[in-house]
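>>> Output the structure for:
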Amino acid sequence: MFVYIIRRILLAIPTFLGITLVTFLIINAAPGGPIEQKMQKIRMGGGDGGKSTGVSQEVLDSLAKQYGFDKPVHERYIIWLKNISHFDFGDSFSYQEPVIDVISSKFPVSLTFGIVSLFLTYLVCIPLGVKKAISAGSFFDRVTGFILNTTYSIPPLILAIFLIVWFAGGSYFDWFPIGGIKSDNYDDLTTMGKILDRTMHFILPLTCYMIGNFTELSMLVRNSMLDIIKSDYIRTARAKGLSDKLVYYKHALRNALIPVATGLGGFLRVFLAGSLIIETIFNLDGIGLLGYSSILARDYNVIMGLTFISAILLLVGNILSDIIYVLVDPRIDFK
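Numbers count the residues shown, from 1 in each chain. Got it, this is the predicted structure:
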């Protein structure tokens, strides 16, 4: 297993270089870069509505040097690799701050929603999937299956608008705040008041975060459990007189969770669990909105910073999935 992990780490290096190189080339090839946007601001500042195009070559050269565009793209990529080797992501063109500070300031919102949604999803979906498998074909299984498939088919945008109109807009029920993560008077509330305030702000966007994975995980557990229940060793355990509870929850459940466990390595992605649609509608200043605004502003350093973190979390998560796979099923031996 140790040798396999070393091989995976070595393989992750060219994969990481491929991901970052392709992203770097694409964003640098896109029109409307920082220099063009800076020039537009200079022209607009001239008071003629941007009609003047007279920007001297000296100004252009100065801007190119300021943003590091006075070198060929391959040299800039090598410089970027050298800088990130000591975690220097450069400064944001839009925020005029170090990229790491900009990204860190957006982490709390996305990280909180990511962790809570992951925890609640596994907490509810595993028992629900097991119950559906045990009672396969029953009224409970059919009703919950219909509800899960219906909610899964609803786009997050439509669901978010529906929840706001019905439960937060005041048109029908004014139970929840429309957006944000806390009220204006949050600091004046008691401890229990703060907890309740946060909870009320989290319910609607959290529902949108969870809805897709909720259905996928529940059905995955159900179908995996059904396959295990039909196995010969389960029938043998029943023939020996073991109770259904012991058969299902001790012998069947562990093997049924193997496909689920392989996805646990992806828990690292909760650090970048931002969703553009959800964060925009519910006014959440998180990673999803930062990534979108950075792309529009051609904030290359922020984009590459997010790409770097996403690639690392993805590659490390895949390796952790393999390790968890072995821990859950000792029969697996990667060599």
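>>> Output the below-cut-off pLDDT ranges for the chain.
1, 32-35, 37-57, 59-61, 63-64, 66-67, 170, 261-274, 328-335 (pLDDT under 70).
>>> and the longest helix for it?
For the chain, the helix that runs over the most residues, judged by DSSP state H, is helix 191-229.
>>> how far out from the middle of the chain is that one?
For helix 191-229, the distance from its own C-alpha centre to the chain's C-alpha centre is 15 Å (CA atoms, centre = their mean, to the nearest Å).
>>> before we move on, what about stretch 141-150?
Taking the mean of its C-alpha atoms, stretch 141-150 sits 26 Å from the chain's own mean (CA atoms, centre = their mean).
>>> ok, residues contacting it?
With contact meaning CB atoms under 8 Å, 6 or more residues apart in numbering, stretch 141-150 is reached by 128, 132, 135, 214-215, 218-219. Bear in mind the C-beta positions are built from the backbone N, C-alpha and C, glycine included.
>>> which of those residues lies closest to Thr121?
Phe214 (5.7 Å; CB to CB).
>>> burial count for that closest one?
By the criterion of other CB atoms under 10 Å, Phe214 has 20 neighbours.
>>> residues contacting it?
121, 124-125, 148, 151-152.
>>> ok, 6 Å please
Residues counted as contacts of Phe214 (CB atoms under 6 Å, 6 or more residues apart in numbering) are Thr121.
>>> Can you select the buried ones among the contacts of stretch 141-150 for me in PyMOL?
To isolate the buried ones among these in PyMOL, judged by 16 or more other CB atoms under 10 Å, type:
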select buried, resi 128+132+214+215+218+219
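>>> Quick check: Ile171 is in a strand.
For residue 171 the amino acid is Ser, not Ile. No - read with DSSP: H, G, I helix; E, B strand; the rest coil, Ser171 is coil and lies in no strand.
>>> now it, nearest residue through space, not along the chain?
Leaving out its chain neighbours, the residue that sits closest to Ser171 by CB to CB, 6 or more residues apart in numbering is Val165, at 5.7 Å.
>>> How many residues are close by the one you found?
Using other CB under 10 Å: Val165 sits among 13 other residues.
>>> SS state for it?
Taking three-state DSSP, the label given to Val165 is helix.
>>> Which positions in the longest helix of the chain come out as buried?
197-198, 201-202, 204-215, 217-226, 228-229.
>>> Check which residues of whatever helix or strand comes next after that helix are buried.
Once helix 191-229 ends, the next helix or strand along the chain (criterion: DSSP states H and E) is helix 232-239. For helix 232-239, burial by neighbour count (16+ other CB under 10 Å) applies to 234, 237.
>>> quick check: angle from helix 232-239 to helix 191-229?
100 degrees (axes from the mean of the first three to the mean of the last three CA atoms, to 10 degrees).
>>> Quick one: distance of the helix or strand following helix 232-239 to the chain centre.
Using DSSP H and E, the helix or strand that follows helix 232-239 in sequence is helix 244-246. Counting by CA atoms, centre = their mean, helix 244-246 is centred 37 Å from the centre of its parent chain.
>>> Repeat that for stretch 298-311.
14 Å.
>>> Alpha carbons of it, as CSV, please.
The C-alpha trace of stretch 298-311 is given here as CSV (Å, rounded to 0.1, in the frame of the first residue of the first chain):
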residue,chain,number,x,y,z
ARG,A,298,-9.7,38.7,-15.5
ASP,A,299,-8.1,38.6,-12.0
TYR,A,300,-5.5,36.0,-13.1
ASN,A,301,-3.8,35.6,-9.8
VAL,A,302,-7.0,34.8,-7.9
ILE,A,303,-8.2,32.4,-10.6
MET,A,304,-4.8,30.5,-10.5
GLY,A,305,-5.0,30.6,-6.7
LEU,A,306,-8.4,28.9,-6.7
THR,A,307,-7.2,26.5,-9.4
PHE,A,308,-4.1,25.5,-7.3
ILE,A,309,-6.2,24.8,-4.2
SER,A,310,-8.9,23.0,-6.1
ALA,A,311,-6.3,20.8,-7.9
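>>> How is this structure partitioned into domains?
Following automatic domain parsing, the chain resolves into domains at 34-88, 102-328.
>>> Highest mean neighbour count across those, which stretch is it?
Of all the domains of the chain, domain 102-328 carries the top mean neighbour count, a mean of 17, counting by mean count of other CB atoms under 10 Å.
>>> From the contacts of stretch 141-150, pick the one nearest Leu290.
For the contacts of stretch 141-150, the closest approach to Leu290 (CB to CB) belongs to Phe214, at 25.6 Å.
>>> what's the closest of the domains of the chain to Phe2?
When the domains of the chain are compared by CB to CB, domain 102-328 sits nearest Phe2, at 10.7 Å.
>>> roughly how far is the closest one from the heart of the chain?
On CA atoms, centre = their mean, the centre of domain 102-328 falls 10 Å from that of its chain.
>>> next one: stretch 318-331
The answer for stretch 318-331 is 22 Å, by CA atoms, centre = their mean.
>>> Skip the chain neighbours and tell me the closest residue to Lys131.
Distance criterion CB to CB, 6+ apart; nearest residue to Lys131, sequence neighbours excluded, is Phe140 at 7.2 Å.
>>> what about the one you found, distance to Arg222?
12 Å (CB to CB, to the nearest Å).
>>> what's the answer for Phe139, then?
Phe139 is 15 Å from Arg222, by CB to CB.
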